[in-house]
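>>> just coords:
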């Protein structure tokens, strides 16, 4: 693949937009050719419009690009969207209607019946939902979403277990990093030496998204997993990496009691993308940490270049069946990396071609 | 009460020992007359032996006291103990056998059948267990314990609910402050920008202690509450104050569905020590925070001079019945303050008198 | 003094406004009768308009007060002002012209030639400048200011030295707490695990204010101290308390080399307000910490109820003469407490009476 | 260079030892063949003996190596030493006497007259001092040291200035990361929400080492730079990266006033290792950050793979001439990376060959 797909970023100046830029530098398949942000930034050079907050340098070529207005005219046909929900609600359909493949990290359309909410390792089949979108027929454009940053780590840990044993109940308490709230995001006065036991709408998102992701595509829609789930979401003084304490009650798919070894094997053998050679897919998506005090965000968030999820502390639960800790990088696997992996999957399935063709023909 | 009880502190140089000294400065009933610590400190002035880590000044009178060896000879008959479990296992019975009332914050004997594990608001009746201790008959001495710092907040929140409605299942995830690990305790490299999802033996303690505290004294022992409980314990970058995300399944004591208002009323009307005038008892031991993002350790840990517990975010739970957040100050209500309140209760019940008498007669 | 002065707070909902409310609860001389804030808050109950961020409860009586518009009509004649500089520039003269004593924490008029910049322990005599203000003659009203939060600690430590020995050069590097930036203030993404080596205009303020505070009132204006001063200002991950590394070159007032003991004595004997019985004045305004690793913000900021400054680590400097560390509580001694102490001084000098009289007569 | 030098690490389990292992994984010239640590670890597998604290995985090949006792018998002839000073004082000469090139990060012999204290970009010529060491003549072995972690950033920023303009006075205040204190190192109770204005012996080291590094080799010893230097050293809540506020008074080498542009040019044109192709040398060792609020540890410490130093905020100083901020990664450029770069320089100068030859002949 010598020619790269030209791609654009909607919401390029925010924290997730910056991660897109960082992760797409030197990407073998995609090349950033267009950056858009709010009216305040539009027309400026990106290097002036964005307050770059990552610890690798802002690529010079990106710094020199002019920020475009958030309008499909002039935009490439593949769009990564990192918009606040309110903007996403208006802009993403506009780009889809204009023939773009909108690969979105926003929450606006995740739960829409005809919008796929996808993690490639979990439910690639749900991508068929794009054919249910009116824009797909009219312009070739469509929307695909990835889940909330707190949902992804949980679902990655649950999927191998659900497949083999079934899951009936899920209890999760999160300890989430501040980068999940964007920039300026959480005031330092709120989080230094503190815990904030509330993140707006986060518990509702985690609960609904998890069941859709683990659900089955049946006809024209996804039937969510028939399990009960309850989330407690907390913010802690961590820069990057969401830690989650999880308890689960298993189903009876196996036909015999599930052992510690069964669960470790389920995680270890979970390689649903093996052989597909998607550039951002980690070799081992769910990694077991054998130490009794792991995973920890500072030490484990960068596994698999931030795309692997780490599990640890598997032990029996007195209330449900098993309990464990899961950790994932919230702005890589939980946001920009998730969308990029979705786009890689779409590319490998040929779902970017019609769009590109449309684009080429335009 | 113009004459104060002379009291001693075992383990006076550690973090909890320092809190004892801070909280007992100007205490109306108790006066520190004796301080003991490890052999390394014994014989030194307290001001030289201890690295004072609290943000109020070390009282000058204490700074000038000589640290005694940890031996009952010469010690007063009321002893607050703040020892590591290994030392407590050996020393606490030694002091009880020598006729002392040992009011301990250590875990060593909390689960012993004839040792009361007491929170005055919760289970004052369990104090009768001291009569089951051989030392009590022989020398008048005995041991009384308070629970782990992570247990106390939870049990304070649960007791009013258990009394009125019953509790069948408890799921709790803690986010615990570093001061709970003493000094030097948690290395800064482990906790800056990090979460450690493991605290040695903490989950086992929380689970066992909670059921004993909520249990019933029957004959010569406590029958633990017949409920299922599961704890996930995490360390976070907070100086003081343990935050806990709790889900519970209720019993059927009320005979009708329990409402949000029922639970708020149970907490609000919970004043088991009203009228007893124990100096350290907060007027309102379980305080409701109506804001959606509270309680928070930095803002709420000092309620009731650190002796009140704050609850918030009560809402339905999809897996059990209700979920909420509870916060308590881990080194005040969760450690030194807990022991002091136990001693105040013992004094008000006349249980310090025989000891003092024995002491006077010696 | 059985009748209290009625006072108002301009900018009551911000961080410093909240500190005013906290520190004035139960103040023996002043009573809050009026609260004003931006148009957004005006008309609401204070409890709804303000996001209370302090760890003591919002007083109920204050919570129930209605926030007034920022207009002198209806305001009491003593006003504590905690406004951003831009608002202060417009509003403070408006209140002074309307006959109010405006005791301001803002930077807007600190360097104005006819506005006193005062710390009661340092330069009470500068208060005479209020008589140079046109509003004073016309309505009785005037403006008095206190310095920047980073200046106060430095000047408190320097004044006893300057008085006895003279000071020719001052080099200071600050490590400032986030509360100094207000709320929301510093984004957590900027300060967790980080240092920000820049605070807008802070170095210029420190340099100019220090010399004015240590200057002499001569005729109708203050002649600044003839010393050279250079400041480096940094933000660190501390909630409250500014720490400063200071080097100084002394003058020759003493006529012989200055010793370590000379400086300690200068600090220890510095009690310029002794006998004046101002309620917020600490007994010992500059406190020496003998430990080699002190002062520290977490342990020392609350000395003297947050109104004392702590100095430590005095040692020779290879470049200038001496170096030391100074710490002060930035939102108490460095902001709200500073203004309250200024108002107490004004009250003790009878400078609030004419205003009150005017008020009574209006 | 297809065959790699076999190297050993003394003190392999500590924080700096771990950085050596991390940085030497895949190093083109050096290969770890021997790991030694304290008696407690000796004989164990490295994976069991060390508590790995870095965020990249412990290389499997290293995890499986057996930790050797700290004895030259059986050790390779090139030794990286990461020992506490007390152990270094005894062990480093022992290895040098046994014919090893000891490339040390310890402070024990930095100031010894016949031991080179070297930063390759700064004073490579000082390496000639190894010929003054008795062990060199007897066994071929010698000791070479790199400076303290807080010294390196400072000296890297000063050298280009000293060369062109001369420097007469240096005032520096550090804000140092906790990783500089090793593990467990700084207790979290000491640093969360806090600043500790003291690091044992650090100021003395910075002052002495800086002048030796900037000094001239004359005959058999180094004449330190004739400048006055004063350091204030503070610990802050940062994981990695030392930030320093620096003021300097220049000399008169240029013969005309030095401008802002002159200094920026001195930094930008400072490439003393250009063309030498040392694998760990950054292309641009001193990097200018143009933003007014940089450098910051979280954002800039990893420049040049942690081997570049970042300078910013250059502005006039009222007391000396200029002031600026400098930042460097304390465990990479300031410790393990410094020693590795020294070894690379030694290799390129052929100074590892005689040692290796001796080794081969043994």
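Arrived safely. In this text the structure is predicted, and so the values were computed from the model without any measurement.

>>> and residue A:280, how many neighbours?
Using other Cβ atoms under 10 Å in any protein chain shown, residue A:280 has 26 other residues around it. Glycine gets a C-beta too; all of them are placed from N, C-alpha and C.

>>> ok, it - contacts?
A:23, A:305, A:307, A:337, A:340-341, A:344 (Cβ atoms under 8 Å, 6 or more residues apart in numbering or on different chains).

>>> next one: it from residue A:77, what distance?
For residue A:280, the distance to residue A:77 (Cβ to Cβ, to the nearest Å) stands at 20 Å.

>>> can I get the contacts of residue A:280 in a markdown table with neighbour count and distance to chain B?
Shown next, in a markdown table, are the contacts of residue A:280 (neighbours: other Cβ atoms under 10 Å in any protein chain shown; distance: Cβ to the nearest Cβ, whole Å):
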| residue | neighbour count | distance to chain B |
| --- | --- | --- |
| A:23 | 24 | 21 |
| A:305 | 13 | 19 |
| A:307 | 24 | 20 |
| A:337 | 27 | 20 |
| A:340 | 27 | 25 |
| A:341 | 26 | 25 |
| A:344 | 24 | 30 |
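
>>> looking at the residues you listed, which two lie furthest apart in space?
With Cβ to Cβ as the measure, no two of those lie farther apart than A:305 and A:344, at 13.5 Å.

>>> spell out which parts of the stretch 1-150 of chain A neighbour chain C.
Within the stretch 1-150 of chain A, the positions lying close to chain C (Cβ under 8 Å from any Cβ of the partner chain) are A:15, A:53.

>>> now do the strands in the stretch 1-150 of chain A.
With strands called from DSSP state E, counting those that start in this stretch, the stretch 1-150 of chain A shows them at A:5-10, A:30-36, A:78-81, A:101-104, A:142-145.

>>> what lines up beside the first one in the sheet?
Strands flanking strand A:5-10 in the sheet, each with its direction: strand A:30-36 (parallel), strand A:78-81 (parallel) (DSSP bridges).

>>> list of residues touching the shortest one?
Meaning strand A:78-81. Contacts of strand A:78-81 (Cβ under 8 Å, 6+ apart): A:5-11, A:20, A:30, A:88, A:91-92, A:95, A:100-106, A:336, A:339-340, A:343, A:352, A:355-356.

>>> related to what we said a few turns ago, now, which of the contacts of residue A:280 sits nearest chain D?
Distance to chain D, by Cβ to the nearest Cβ, is smallest for residue A:305 among these, at 11.0 Å.

>>> the closest one - that's part of a strand, no?
No. Residue A:305 is assigned helix when assessed by DSSP: H, G, I helix; E, B strand; the rest coil, not a strand.

>>> measure the nearest residue to residue A:176 once chain neighbours are set aside to residue A:230 for me?
Among residues not flanking residue A:176 along the chain, residue A:242 sits closest, at 4.7 Å (Cβ to Cβ, 6 or more residues apart in numbering or on different chains). Applying Cβ to Cβ, the value for residue A:242 to residue A:230 is 17 Å.

>>> neighbour count winner among those two?
residue A:242 (32 against 22).

>>> state whether that one and residue A:180 are indeed in contact, as I suppose.
Yes. Between residue A:242 and residue A:180 there is a contact under Cβ atoms under 8 Å: 6.8 Å.

>>> list residues touching both of these two?
Common contact partners of residue A:242 and residue A:180 (Cβ under 8 Å, 6+ apart): A:149-150, A:330, A:334.

>>> between the residues you listed, which is nearest residue A:318?
Using Cβ to Cβ, the shared contacts of residue A:242 and residue A:180 come closest to residue A:318 at residue A:150, 24.8 Å.

>>> of all of the stretch 1-150 of chain A, which residue lies closest to chain B?
For the stretch 1-150 of chain A, Cβ to the nearest Cβ, closest residue to chain B: residue A:55, 12.8 Å.

>>> neighbours around that residue, how many?
Neighbours of residue A:55 using other Cβ under 10 Å come to 15.

>>> can you give me the pLDDT of the nearest residue to residue A:126 once chain neighbours are set aside?
Using Cβ to Cβ, 6+ apart and skipping the chain neighbours, the partner closest in space to residue A:126 is residue A:116 (4.5 Å). On pLDDT, residue A:116 comes in at 98.

>>> now do the one 3 residues further on
Reading off the per-residue confidence, residue A:119 sits at a pLDDT of 98.

>>> tell me the phi and psi of it?
Main-chain torsions, residue A:119, degrees, to the nearest 10: phi -120, psi 120.

>>> likewise for residue A:323?
phi -140, psi 150.

>>> any idea how far it lies from chain D?
Residue A:323 sits 24 Å away from chain D, going by Cβ to the nearest Cβ, to the nearest Å.

>>> tell me, how many residues neighbour the residue in the stretch 1-150 of chain A positioned nearest to chain C?
For the stretch 1-150 of chain A and chain C, the shortest gap (Cβ to the nearest Cβ) falls at residue A:53, measuring 6.0 Å. Neighbour count for residue A:53, taken as other Cβ under 10 Å: 19.

>>> same question for residue A:30.
Residue A:30 has 22 nearby residues by other Cβ under 10 Å.

>>> thinking it is in contact with residue A:340, fair?
Yes. Judged on Cβ under 8 Å, residue A:30 makes contact with residue A:340 at a distance of 7.4 Å.

>>> overlap of the contact sets of these two?
Joint contacts of residue A:30 and residue A:340 (Cβ under 8 Å, 6+ apart) are residue A:24.

>>> in chain A, what residue sits furthest out from the centroid?
Farthest-out residue of chain A from its mean C-alpha position, per Cα atoms, centre = their mean: residue A:256, at 34.0 Å.

>>> need phi/psi at that one.
Torsion angles, degrees, to the nearest 10, at residue A:256: phi -150, psi 160.

>>> pLDDT value on it, please?
For residue A:256, the model assigns a pLDDT of 97.

>>> what separation do you get for it and chain B?
23 Å.

>>> what residues are up against the residue of chain A found nearest chain D?
Of all residues in chain A, residue A:193 sits closest to chain D, at 4.6 Å by Cβ to the nearest Cβ. Residues in contact with residue A:193, defined by Cβ under 8 Å, 6+ apart, are A:237, B:237-239, B:297-298, C:239, D:192-193.

>>> fine by me, thanks again.
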